[in-house]
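1. pasting a predicted model and its sequence here:
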Amino acid sequence: MNFKKIGVCLTLASLSMSLAFAQTAPKIKVGLMLPYSGTYASLGNAIENGFQLYVKEQGGKIAGREVEYVKVDDESEPSKATDNINKLIKRDNVDLVVGSVHSGVAMAMAKVAKDTGTLLIVPNAGADAITGPMCAKNIYRTSFTNWQPGYAMGELAAKRGVKKVITVTWKYAAGDESVKGFKEGLEKNGGTVMKELSVPFPNVEFQSLLTEIAAAKPDAVYAFFAGAGAVKFVKDYAAAGLNKSIPLYGPGFLTDGTLEAQGTAAAGMLTTLHYADGLNSKRDNAFRLAYVKAYKMQPDVYAVQGYDAAQLLAIGLNASKGDLSKKGEFEEAILKAKIDSPRGEFTISKSHNPIQDIYLREVVGKENKYKSVASKALADPARGCSL
Ligand code: PHB
């Protein structure tokens, strides 16, 4: 046999070997633990849509492995979260878990992920602890900490001359931490929180709170609600006539994915978030076009976070050649990456949380219109994380 023939044989052999690998590379099983019912149902659906869109754009495969899904409705119910994630890991044998929206649910998930070493990618829940005291090599987040948009809004409100604020939120980790971040930003810049009001999650009986706000006449109100609860709060605030005299501020969750339902009640509201309408970048425009085509609706911040969860998985899995047990290679690639997100490029901190721009947005018609960068490359302080 001459050299040319040997070369051809070798090429054919390696081709058939890689074909054999492609055929036998096991599917990657992704556990989607998200709310598909209750006040956060639309958020869960948007996250799944975003995740699947990215995977479809890669031909349904990541690092040569076909992606398969197992779904659980976590109902935003922390008391069921440990059982739910354990079922995914132990009964369904998923390779990794993506979830969830609610901070209480996600903290229970993070504990199980840490104990079992299962890869967890958090596509929303902002619980500061997940990338703080509970941080771990195998836990990543593609969204935010509750502190991030809250802090940016606190700074901004104070700089706009707001002095006395009443805060109002659902009483659980996300609301408490969002208010804490806001307060830190506000007080550093000369403002004060005069009263902190709350209702239990997911209650939407706001009348007595609104009466209290009207009587106290603060310069502004800062509110944390999301999903269906945010729709109701913003509408009730306007129906009480408060939007005419007391500006309502909040993290962008108050108006993201909710404007169709809020109608004119949200007009003119200012919020802070790591996504906005009208960013008008090539990347975001392409993402939006593809999302609308696939799902016949506009994407929101939750869809972006889901899309980026799949991107993060792809970065890690490509670097570890499809092998999730190579945790060092997986992490190294992610810490080095600039994630090409529709929100704008961001990086992942040592504690595994996005370092990202927080935008000021204004509600104009059905859009959270981009106004400016409120806080450039804002990193969570990651208090208590020793990674
Ligand atoms: C949370 O529970 O962390 C949470 C839920 C919904 C949001 C934002 C944060 O829109």
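-> Yep, that arrived.

2. quick one, helices of the stretch 151-300 of the chain?
-> 173-188, 207-216, 227-239, 259-262, 282-295 (DSSP state H, counting those that start in this stretch).

3. how about these, which one is nearest the ligand?
-> Closest to the ligand of the helices of the stretch 151-300 of the chain is helix 173-188 (C-beta to the nearest ligand atom; 3.3 Å). For every residue, glycine as well, the C-beta is placed using N, CA and C.

4. which strands and helices sit next to the closest one?
-> helix 103-116, helix 147-159, strand 164-170, strand 192-199, strand 220-224 (3 or more C-beta pairs under 8 Å, 6 or more residues apart in numbering; DSSP states H and E).

5. could those be laid out in TSV, adding distance to the ligand?
-> TSV is the format used below for the helices and strands packed on helix 173-188 (distance: least, C-beta to the nearest ligand atom, whole Å):
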stretch	distance to the ligand
helix 103-116	4
helix 147-159	9
strand 164-170	8
strand 192-199	14
strand 220-224	8
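
6. do you know which of these lies nearest residue 141?
-> Across these, residue 141 has its closest neighbour in helix 103-116 (8.8 Å, C-beta to C-beta).

7. continuing past the closest one, what's the next helix or strand?
-> strand 119-122 (DSSP states H and E).

8. ok, that following strand near the ligand or not?
-> No: between strand 119-122 and the ligand, judged by C-beta under 6 Å from any ligand atom, nothing touches; the nearest distance is 9.1 Å.

9. that strand: partners in the sheet, and parallel or antiparallel?
-> The strands beside strand 119-122 in its sheet (DSSP bridges) come out as strand 96-98 (parallel), strand 139-141 (parallel).

10. who's in contact with that strand?
-> Residues from elsewhere that reach strand 119-122 (C-beta atoms under 8 Å, 6 or more residues apart in numbering): 95-100, 106, 109-110, 113, 130, 138-143, 309, 312-313, 324, 330.

11. any idea of the pLDDT on whichever residue of the stretch 251-387 of the chain sits closest to the ligand?
-> Closest to the ligand within the stretch 251-387 of the chain is residue 253: 3.4 Å, counting by C-beta to the nearest ligand atom. At residue 253, the model reports a pLDDT of 98.

12. identify the residue nearest it in space, chain neighbours excluded?
-> residue 226 (3.9 Å; C-beta to C-beta, 6 or more residues apart in numbering).

13. still on that earlier bit, can you redo the helices of the stretch 151-300 of the chain as CSV with mean pLDDT?
-> Shown next, in CSV, are the helices of the stretch 151-300 of the chain (pLDDT from 0 to 100):
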stretch, mean pLDDT
helix 173-188, 98
helix 207-216, 98
helix 227-239, 98
helix 259-262, 98
helix 282-295, 98
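
14. compare these and give me the one nearest residue 368.
-> Proximity to residue 368 (C-beta to C-beta) singles out helix 259-262 among those, at 7.2 Å.

15. now do the residue nearest to residue 253, the pLDDT please.
-> pLDDT, residue 226: 98.

16. mind listing what it touches?
-> Neighbouring residues of residue 226 by C-beta under 8 Å, 6+ apart: 39, 40, 43, 253, 254, 256.

17. filter those down to the buried ones, ChimeraX style.
-> With 16 or more other C-beta atoms under 10 Å as the criterion, this ChimeraX line picks the buried residues out of the contacts of residue 226:
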select :39,40,43,253,254,256
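
18. which ones among the contacts of residue 226 lie within strands?
-> Among these, DSSP state E puts none in strands.

19. dump the contacts of residue 226 to TSV, plus distance to residue 27.
-> Conversion of these to TSV gives the following (distance: C-beta to C-beta, whole Å):
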residue	distance to residue 27
39	33
40	29
43	27
253	34
254	39
256	33
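
20. identify, from the contacts of residue 226, the entry nearest to residue 190.
-> Distance to residue 190, by C-beta to C-beta, is smallest for residue 254 among the contacts of residue 226, at 23.9 Å.

21. now residue 76: closest residue in space, sequence neighbours ignored.
-> In space, residue 76 is closest to residue 102, 4.1 Å off (C-beta to C-beta, 6+ apart).

22. the one you found: neighbour count?
-> Residues within reach of residue 102, counting by other C-beta atoms under 10 Å, total 33.

23. pLDDT score assigned to it?
-> Note on residue 102: pLDDT of 98.

24. contact partners for it?
-> Residue 102 makes contact with 35, 40, 74, 76, 78, 125, 172, 174 under the criterion C-beta under 8 Å, 6+ apart.
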